[in-house]
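> the following comprises the amino acid sequence and a computationally predicted model.
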Amino acid sequence: NAGVTQTPKFQVLKTGQSMTLQCAQDMNHNSMYWYRQDPGMGLRLIYYSASEGTTDKGEVPNGYNVSRLNKREFSLRLESAAPSQTSVYFCASRQDRLFQGPQETQYFGPGTRLLVL
Amino acid sequence: SQQGEEDPQALSIQEGENATMNCSYKTSINNLQWYRQNSGRGLVHLILIRSNEREKHSGRLRVTLDTSKKSSSLLITASRAADTASYFCATDRNYGGSQGNLIFGKGTKLSVKP
């Protein structure tokens, strides 16, 4: 049981290049999330997916697109990378966005460090 | 916009001492959660306290919640060097039914010296 996995672990891009960050979870969770973390800041929500086939914008969606490929996988795409997108990106999952109980917590992947030059 | 704000931003203590971190938030919540992040790693959930609870314990962790003051505190007793990490509070806001998205604070960086 790997939990939440992310690839790649580290990436360097030039301004204007595109890339896709991959995330997968093996816990059969319905909800998945993409966050970015900048120095001295907490996590800010980019996009989330409450269930397979649905995605919604979070706090900072500009410059990003997402795809919920299936229940396991949720990818984040940067179409034209900018230096302001240099950050550490975390994927997380949760059993059900509206479920109240012990499974209200989110499970995080190890992160992808992205540097845009 | 950040919902939670932790205080202090950084805390340095000796092994065996207690560490207290505080979190303030702005809006009505369903629950408040604390997460730990070791350097270069993802976040790990520590404890959740609901809006109708005032105190909760888990091992060496004690969390309190004061909804009238919109604040929470995390106490780590008898700290160990392995507790060195950043600690984040996260609020599950009450949108009048809609819930599930967490808003994270900026974190408290705890350093426990052997």
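Noted; the coordinates are in hand. Numbering: from 1, shown residues only, chains lettered A, B, ... in the order given.
> okay, CA-based contacts and neighbour counts for the rest of this
Will do.
> now residue 89: which helix or strand?
As the question left the chain open, I've gone with chain A. strand A:87-94 (DSSP states H and E).
> actually chain B
Per DSSP H and E, residue B:89 falls inside strand B:85-93.
> is that strand positioned near chain A?
Yes. Residues of strand B:85-93 contacting chain A under C-alpha under 8 Å from any C-alpha of the partner chain: residue B:88.
> contacting residues around that strand?
Residues from elsewhere that reach strand B:85-93 (C-alpha atoms under 8 Å, 6 or more residues apart in numbering or on different chains): A:42, B:3-6, B:23, B:25, B:27-39, B:99-111.
> that strand: partners in the sheet, and parallel or antiparallel?
Taking DSSP bridges as the criterion, strand B:85-93 forms sheet pairs with strand B:29-37 (antiparallel), strand B:102-104 (antiparallel), strand B:108-113 (antiparallel).
> tell me the buried residues in stretch A:77-92?
Under the neighbour-count criterion of 16 or more other C-alpha atoms under 10 Å in any protein chain shown, stretch A:77-92 has A:77-78, A:81-82, A:85-92 buried.
> tell me the one among those nearest to chain B.
residue A:90 (7.1 Å; C-alpha to the nearest C-alpha).
> nearest residue to that closest one other than its sequence neighbours?
Of all residues not flanking residue A:90 in the chain, residue A:111 sits nearest, at 4.6 Å (C-alpha to C-alpha, 6 or more residues apart in numbering or on different chains).
> surely that neighbour touches residue B:42?
Yes. Counting by C-alpha atoms under 8 Å, residue B:42 is a contact partner of residue A:111 at 6.0 Å.
> neighbour count for these two, which is higher?
residue A:111 (28 against 21; other C-alpha atoms under 10 Å in any protein chain shown).
> for the more buried one, give me its contacts.
A:6, A:9, A:88-91, B:41-42 are the contacts of residue A:111 under C-alpha under 8 Å, 6+ apart.
> what of residue B:49?
Going by C-alpha under 8 Å, 6+ apart, the list of residues near residue B:49 reads B:31-33, B:55-56, B:63-65.
> dump these to CSV, plus distance to residue A:57 and pLDDT.
Output for the contacts of residue B:49, formatted as CSV (distance: C-alpha to C-alpha, whole Å; pLDDT from 0 to 100):
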residue, distance to residue A:57, pLDDT
B:31, 22, 88
B:32, 22, 92
B:33, 22, 93
B:55, 33, 98
B:56, 33, 97
B:63, 31, 98
B:64, 32, 98
B:65, 29, 97
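> out of those, which are buried?
For the contacts of residue B:49, buried by 16+ other C-alpha under 10 Å: B:31-33, B:63-65.
> in stretch B:67-81, which residues are buried?
Result for stretch B:67-81 [16+ other C-alpha under 10 Å]: buried residues B:67, B:71-77, B:79-80.
> strands of chain A, residue ranges please.
Shown for chain A, the strands assigned by DSSP state E span residues A:4-7, A:10-13, A:19-25, A:31-37, A:43-49, A:56-57, A:65-68, A:74-78, A:87-94, A:107-108, A:112-116.
> residues in contact with residue A:6?
Here residue A:6 is in contact with A:21-24, A:91, A:109-112 (criterion: C-alpha under 8 Å, 6+ apart).
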